[in-house]
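> Kindly return the folded structure for what I paste below:
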Amino acid sequence: MKRDYSSTLIPGIHYYLNKLVEFMSQNAENHYKQIQKLEAVISKIKKGGGDKRIEKEHSKGKFTARERVEKLCDKGTSFYEIGLWAGYEMYEDAGGCPAAGVIVGIGTISGRQCMIVANDATVKAGAWFPITCKKNLRAQEIAMENHLPLVYLVDSAGVYLPMQDEIFPDKEHFGRIFRNNAKISALGIPQIAAIMGSCVAGGAYLPIMSDEALIVDGTGSVFLAGSYLVKAAIGEDVDNETLGGATTHTEISGVTDYKMPDDETCLNTIRDLVGKLGPTEKAKFNRIEAKRPARKSEEIYDILPVDRNRPYDMMQVLECIIDEGSFTEFKKGYGQTLITGYARIDGWSIGIVANQRKVVRSKSGEMQIGGVIYSDTADKGARFILNCNQKKIPILFMHDVTGFMVGKRSEHGGIIKDGAKMVNAVSNSVVPKFSVVVGNSYGAGNYAMCGKAYDPRFIYAWPSAKIAVMGGAQAAKTLMQIEVSAMERKGTKLSEEEKAAFLKKITEKYESQTTVEYAAARLWVDEIIKPEETRARISKAIEAANHNPNIPEFKTGVIQT
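Alright, predicted model coming up:
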């Protein structure tokens with residue numbers, strides 16, 4: 001709503017304030033338009049293979065993967081999905097792979113936080129693409145790091161054979177899933193698998209390497225080779241039900257433990273099994289009664305500029321997320337392009353490392369560019385991370401960073417050495433780390449702020465996020481200079497118009513690879529979330545981390561001083 005301050009202010013001032021309010025309202029409107037576009041795509045992704053495929057599953061008496069997850073989780077609780085955008089605009093030649101053909105996320109089952117993995121049979125019969133494997137491994141990684149019980153709802157035709165070379169033999173490929181099954185079991189983390197459709201070949205090991213396996217009569221089947229392959233391999237005639245149906249595996253082979261008449265009974269039995277799990281130890285992270293943030297979460301849309309090059313005050317953004325009055329700032333007057341301090345989110349104690357996007361003045365009086373990491377910034381960040389580890393306080397990183405400062409003065413001042421301190425501290429940090437990419441996350445700034453390579457327990461991105469080795473304009477100009485120089489060495493001279501067209505083409509391609517959708521499709525982030533969801537997501541993430549009581553001893557190794 002546009003507000004008019006003209007009647008309450010000194011003449012002349014009201015004009016500028018109303019202009020500011022008008023700008024903020026327009027800014028918020030642009031953010032909402034961007035979110036609406038994303039939500040339209042999300043609706044399509046959630047349809048999986050489409051309405052016809054959904055109807056086909058229903059005609060078999062089966063629920064879809066999303067219906068199964070909804071019925072499995074406690075009523076009135078939220079399912080925190082991970083990897084919804086995985087596979088987006090990938091594998092177009094194969095017809096696409098919405099949500100990587102598998103639904104993954106944290107849900108509450110019988111009052112217990114669990115990691116749920118549900119194959120989506122509407123997408124290529126639940127076949128595994130390379131991104132499907134990556135998403136499943138991410139689910140297992142989260143479960144292992146946070147000691148969350150795992151529930152697998154299996155309904156898959158196995159590896160997508162045309163891409164078997166990209167999913168079968170390597171360390172982070174299909175076989176790693178079953179290796180993780182064994183490791184998870186050794187950690188004492190419960191795994192329950194329900195065979196609710198096809199489960200073939202190597203995929204058959206996943207449910208059977210779980211602690212307990214259920215199978216739905218008539219629709220569930222599990223075998224190393226189906227009837228066609230058996231006929232081709234050994235000449236035996238046998239139908240799939242006799243080969244690996246529910247009766248075979250609960251009454252003859254003993255491979256599965258529970259025979260279920262239908263999906264509904266199967267899901268209710270899983271709820272019963274989870275409800276009977278024994279108690280677990282906790283990390284006992286500090287939590288008190290929560291307070292509402294000082295600002296409404298929707299104000300983020302007014303504060304955060306759509307133009308990613310404009311400055312803003314990150315502290316105002318934090319005031320929309322953290323509990324009111326809970327922030328204790330660390331080294332406030334030093335390294336001011338980074339905000340560090342202790343706060344609470346939904347009552348949980350947490351350390352915050354956030355890029356400050358305001359233009360600030362250094363201790364020497366020099367103006368520093370917001371969102372850039374300087375030597376003092378890196379030194380301050382490293383020190384604060386050490387403190388959080390000493391105190392066993394989880395850390396939240398809020399990214400809006402264009403990288404480390406460059407130039408003669410910075411190099412002579414040891415920016416690489418100071419940056420290495422912060423990267424070392426992040427790398428060796430043993431307390432749970434969580435990352436939210438608010439805006440830019442460029443170059444080594446991504447590393448220092450705990451990007452995906454630095455093992456955040458969870459990493460989320462706002463629709464405004466961009467992830468790349470450098471900004472689009474700089475990268476495109478650099479790439480063009482390289483290409484043009486190479487062409488000129490071969491005797492090809494380009495006119496200014498041709499150079500401009502060439503630059504435009506390079507810029508468009510590069511920019512398309514920095515978008516939040518591109519990053520989420522490849523699981524560089526766990527999920528794209530709306531800013532107002534951040535508080536709930538981080539609270540749920542700390543709750544998940546609290547299930548793992550094992551925090552190793554903190555060691556940093558060699559740090560240059």
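> From residue 308, how far off is residue 302?
16 Å (C-beta to C-beta, to the nearest Å). C-beta coordinates here come from the backbone N, C-alpha and C atoms, glycine included.
> more crowded one of these two?
Between residue 302 and residue 308, counting by other C-beta atoms under 10 Å, residue 302 is the more crowded of the two (21 against 17).
> Assess the claim that that one and residue 30 are in contact.
No. Counting by C-beta atoms under 8 Å, residue 30 is not a contact partner of residue 302; they are 11.1 Å apart.
> Identify the contacts common to those two.
Contact criterion C-beta atoms under 8 Å, 6 or more residues apart in numbering; no residue bridges residue 302 and residue 30 by contacting each.
> Can you give me the neighbour number for residue 482?
10.
> tell me which element it is part of?
helix 472-489 (DSSP states H and E).
> With just CA atoms, put that helix into PDB.
Listed next in PDB are the C-alpha coordinates belonging to helix 472-489 (Å, rounded to 0.1, in the frame of the first residue of the first chain):
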ATOM      1  CA  GLY A 472      28.000 -11.900 -16.000                       C
ATOM      2  CA  ALA A 473      29.300  -8.600 -17.300                       C
ATOM      3  CA  GLN A 474      32.900  -9.300 -16.200                       C
ATOM      4  CA  ALA A 475      32.900 -12.900 -17.400                       C
ATOM      5  CA  ALA A 476      31.400 -12.100 -20.800                       C
ATOM      6  CA  LYS A 477      33.900  -9.300 -21.400                       C
ATOM      7  CA  THR A 478      36.800 -11.600 -20.400                       C
ATOM      8  CA  LEU A 479      35.500 -14.500 -22.600                       C
ATOM      9  CA  MET A 480      35.000 -12.100 -25.500                       C
ATOM     10  CA  GLN A 481      38.600 -10.700 -25.200                       C
ATOM     11  CA  ILE A 482      40.000 -14.300 -25.300                       C
ATOM     12  CA  GLU A 483      37.900 -15.300 -28.300                       C
ATOM     13  CA  VAL A 484      38.500 -12.100 -30.300                       C
ATOM     14  CA  SER A 485      42.200 -12.200 -29.600                       C
ATOM     15  CA  ALA A 486      42.300 -15.800 -30.900                       C
ATOM     16  CA  MET A 487      40.300 -14.900 -34.000                       C
ATOM     17  CA  GLU A 488      42.600 -11.900 -34.700                       C
ATOM     18  CA  ARG A 489      45.700 -14.100 -34.400                       C
END
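> And the next helix or strand past that helix?
helix 496-512.
> Report the inter-axis angle for that next one versus helix 472-489.
Counting by axes from the mean of the first three to the mean of the last three C-alpha atoms, to 10 degrees, helix 496-512 lies at 130 degrees to helix 472-489.
> what's downstream of helix 496-512, the next helix or strand?
Next along from helix 496-512, by DSSP H and E: helix 516-521.
> Counting by contacts, list what that following helix packs against.
strand 458-461, strand 466-468, strand 527-528 (3 or more C-beta pairs under 8 Å, 6 or more residues apart in numbering; DSSP states H and E).
> elements contacting the shortest one?
In terms of contacts (3+ C-beta pairs under 8 Å, 6+ apart), strand 527-528 is packed against strand 458-461, helix 516-521.
> what separates residue 259 from residue 152, distance-wise?
Taken as C-beta to C-beta, the span from residue 259 to residue 152 is 17 Å.
> just residue 326 next, same as before
Distance from residue 326 to residue 152, by C-beta to C-beta: 39 Å.
> Please state the backbone phi and psi of residue 353?
Per-residue torsions, residue 353: phi -120, psi 110 (degrees, to the nearest 10).
> do residue 31 as well
Dihedral angles (degrees, to the nearest 10) for residue 31: phi -60, psi -40.
> Setting the sequence-adjacent residues aside, check what's closest to it.
residue 301 (4.4 Å; C-beta to C-beta, 6 or more residues apart in numbering).
> Tell me who's in contact with the one you found.
Residue 301 sits in contact with 27-28, 31-32, 531, where contact means C-beta under 8 Å, 6+ apart.
> ok, now with 10 Å
Applying C-beta atoms under 10 Å, 6 or more residues apart in numbering to residue 301 gives the contacts 24-25, 27-32, 35, 320, 464, 530-532.
> Check those against residue 337 and report the nearest one.
The nearest member of the contacts of residue 301 to residue 337, counting by C-beta to C-beta, is residue 464 at 18.9 Å.
> got a pLDDT number for that closest one?
What the model reports as pLDDT for residue 464 is 95.
> Of the helices and strands packed on strand 527-528, flag the one that's most buried.
strand 458-461 (a mean of 25; mean count of other C-beta atoms under 10 Å).
> Could you pull up the contacting residues of residue 217?
Applying C-beta under 10 Å, 6+ apart, the residues contacting residue 217 are 241, 245-247, 250, 259-262, 265-266.
> ChimeraX command to pick out the buried ones of these?
Remark: buried members of those, expressed as a ChimeraX selection using 16 or more other C-beta atoms under 10 Å:
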select :245,246,250,259,260,262,266
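> out of the helices and strands packed on strand 527-528, nearest to residue 418?
It's strand 458-461; of the helices and strands packed on strand 527-528, that one is closest to residue 418 (C-beta to C-beta) at 24.3 Å.
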